[in-house]
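> Structure here, sequence nowhere to be found:
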């Protein structure tokens, strides 16, 4: 499978994971033959390197580097920025390794099944990790977006939008949105998942062509 | 033999670093040309930056008269570039077969060549090796410019804004390139286009000699013999293009404005990635009467999660975009009716020199920079305005840049591209519009 030799892997920085393994486990394999999907993961490694060496230069993505890459500002403190970082940090150790980066971005691939996108969005909005989205969490998120966008709405307007959304989503009326209710609600409102797809991932090899000089895919796979 | 989803076929050509093979997509049967490069040789020759540049260059170019790069792949030993397959052969062969082309035929192909080259220049890409062998002709007789291996992107310029490398084929090289004093890539490409036009119309090279030194002297003098049997217009345009002085030489704009060139000219439109993009013809840009604006633009009622989804912090496109999210979209709240808001946006942006179009429940704002967007094939700046209803008294207006290269507009001294910032400021400081 064109795996990296042990000698070479010793030289790999921390956080690195073999593209062959990652390609086999992600959407990058669903939509293309193995070697091409390995190339896509290798291209993502070029992006990963750029981010992980932007500030601390240790081959791991720290929160400041993540935010610098996304918002051109490493000090931006924001509820959603923190949530996204925490969801990418699968090991919960405060940094994002290459494997975590690929597996997380995999959700955003245009070919990833919508069920996975719905599940990811639910985890994103379940701020307390309780397995459901409560009314207070929803209000907190609405206030956060209003604050971020400098949109000034009255308390009544905020309450109204939260109430209205709960009326639509909380089908059993127990004051919280569970995963099944979320699935139904998101399916009826596909616009909710707009940010869950990154068209760029379709052409990732074109976006980061440097991978062609470092590819480890073997010829017989092509 | 297979490469991913492509079935490899016969060899179409061979070069120093590898070969080009015909291939078919296994699922669709569609033909492609796959350039296969030897990675070891590239690394040994230290031209890896050039290969990266070629890929970076080609992925920018999406035009009907430019060979398209669709995909890049690699193994430990090879680099694969999946290119558009052009099945009509080289322009060189077409000329060789006929001896020379009629002025009408030659002009049509020259118009397409200038469209392609002009488009590339708008993208900051200069070919630097234009010659009939690099100009392919498809089955319908249309031109496709290929082989950007020697092209130069703006980062190859030095502080004086000029390119400083000599490359290309001797007969087609501009005098300033030979002198290697630094040159404007766009003007040098124009010279090469002129040599190609001369060859198409006469069947001969304007400057030729078996002795390279003598050939260079002829090019530097620039005294091309222009046959009197060509029309006055053809003679004039050739004289203006084959001017050895790059400062006084006609440029792409000048060529497009030339009477001989304009005959029967129908500019090609570049392809767009944006499915919502609209054709730039005059009719489609005429906005309908104001009284039916509400019928034309759907107002989407928004729920809390949609509002949350608007957060720029949930937009991961920042990993792939040059600009910050805040440069691409902006939003503000208003308690004025959507009809009023759209009317206001329209009047503001029209005063700023934009054109307005309604489609898919959105107001599209197009920057038509001195009419260039229509004729140039450059990527126009496209901004969409959408209104979301929070409740019957409250709306959120979102202004979003859908496409367009802001740098083009800065370069041309047109309207400052962060237009939506200006729109927002104007809207929110209008006395009749309260900012909630």
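It's in. These numbers were taken from a predicted model, which means no experiment stands behind them.

> what residues are up against the closest residue to residue B:230 other than its chain neighbours?
Spatially, and ignoring its direct neighbours in sequence, residue B:230 is nearest to residue B:201 (6.1 Å; CB to CB, 6 or more residues apart in numbering or on different chains). C-beta: built from backbone N, CA, C; applies to glycine. Residues near residue B:201 by CB atoms under 8 Å, 6 or more residues apart in numbering or on different chains: B:100-101, B:103, B:106, B:230, B:234, B:238.

> 7 Å - rerun?
Residue B:201 sits next to B:100-101, B:103, B:106, B:230, B:234 when contact means CB atoms under 7 Å, 6 or more residues apart in numbering or on different chains.

> elements contacting the helix ranked longest in chain B?
Longest helix in chain B, counting residues (DSSP state H): helix B:103-122. Applying 3 or more CB pairs under 7 Å, 6 or more residues apart in numbering or on different chains; DSSP states H and E, one finds that helix B:103-122 makes contact with strand B:143-145, helix B:185-202, helix B:252-257.

> follow-up on the earlier one: quick one: buried ones out of the contacts of residue B:201?
The neighbour-count criterion (16 or more other CB atoms under 10 Å in any protein chain shown) marks B:101, B:103, B:106, B:230, B:234 among the contacts of residue B:201 as buried.

> can I get these in a markdown table with pLDDT?
As requested, the buried ones among the contacts of residue B:201 are exported to a markdown table (pLDDT from 0 to 100):
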| residue | pLDDT |
| --- | --- |
| B:101 | 90 |
| B:103 | 93 |
| B:106 | 95 |
| B:230 | 94 |
| B:234 | 97 |
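
> Out of those residues, which comes closest to residue A:85?
residue B:106 (59.9 Å; CB to CB).

> Now the closest one: closest residue in space, sequence neighbours ignored.
Nearest one to residue B:106, counting by CB to CB, 6+ apart, is residue B:200 at 4.1 Å.

> Which pLDDT does the model give that neighbour?
If you check residue B:200, the pLDDT there is 92.

> got it, and residue B:425?
On pLDDT, residue B:425 comes in at 49.

> per-domain residue ranges of chain B.
B:2-85, B:91-262, B:304-435 (automatic domain parsing).

> The shortest one: end-to-end distance?
Domain B:2-85 stretches 17 Å from its first residue to its last (CA to CA, to the nearest Å).

> before we move on, what about stretch B:252-266?
16 Å.

> Throw the helices and strands packed on helix B:103-122 into TSV and include distance to residue B:27, thanks.
Formatted as TSV, these follow (distance: least, CB to CB, whole Å):
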stretch	distance to residue B:27
strand B:143-145	24
helix B:185-202	38
helix B:252-257	40
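
> And for chain A, the residue most distant from the center?
residue A:156 (33.2 Å; CA atoms, centre = their mean).

> Now it: which helix or strand?
helix A:155-169 (DSSP states H and E).

> For the stretch 301-436 of chain B, what lies in contact range of chain A?
The stretch 301-436 of chain B comes close to chain A at residues B:303-311, B:313-320, B:324-325, B:331-333, B:390-391, B:394, B:396, B:436, as judged by CB under 7 Å from any CB of the partner chain.

> Mark which of those residues are buried, thanks.
B:303-311, B:313-320, B:325, B:331-333, B:390, B:394, B:396, B:436.

> Take those residues and keep only those in strands.
Among those, DSSP state E puts B:331-333, B:390, B:394, B:396 in strands.

> what pairs with the next helix or strand after the helix holding residue A:156, and is each one parallel or antiparallel?
Downstream of helix A:155-169, the first helix or strand assigned by DSSP H and E is strand A:176-177. For strand A:176-177, the paired strands and their directions (DSSP bridges) read strand A:133-134 (antiparallel).

> Residues in contact with the strand it pairs with: which ones?
Taking CB under 7 Å, 6+ apart as the rule, strand A:133-134 contacts A:125-126, A:176-177, A:182.

> circling back to that earlier point, got JSON lines for the domains of chain B, with distance to residue A:83 too?
Converted to JSON lines, the domains of chain B look like this (distance: least, CB to CB, whole Å):
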{"stretch": "domain B:2-85", "distance to residue A:83": "32"}
{"stretch": "domain B:91-262", "distance to residue A:83": "37"}
{"stretch": "domain B:304-435", "distance to residue A:83": "8"}
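
> doesn't residue A:171 make contact with residue A:185?
No - counting by CB atoms under 7 Å, residue A:185 sits too far from residue A:171 to count as a contact (8.2 Å).

> neighbour count winner among those two?
A direct count of neighbours by other CB atoms under 10 Å in any protein chain shown for residue A:185 and residue A:171 places residue A:185 higher, at 21 against 13.
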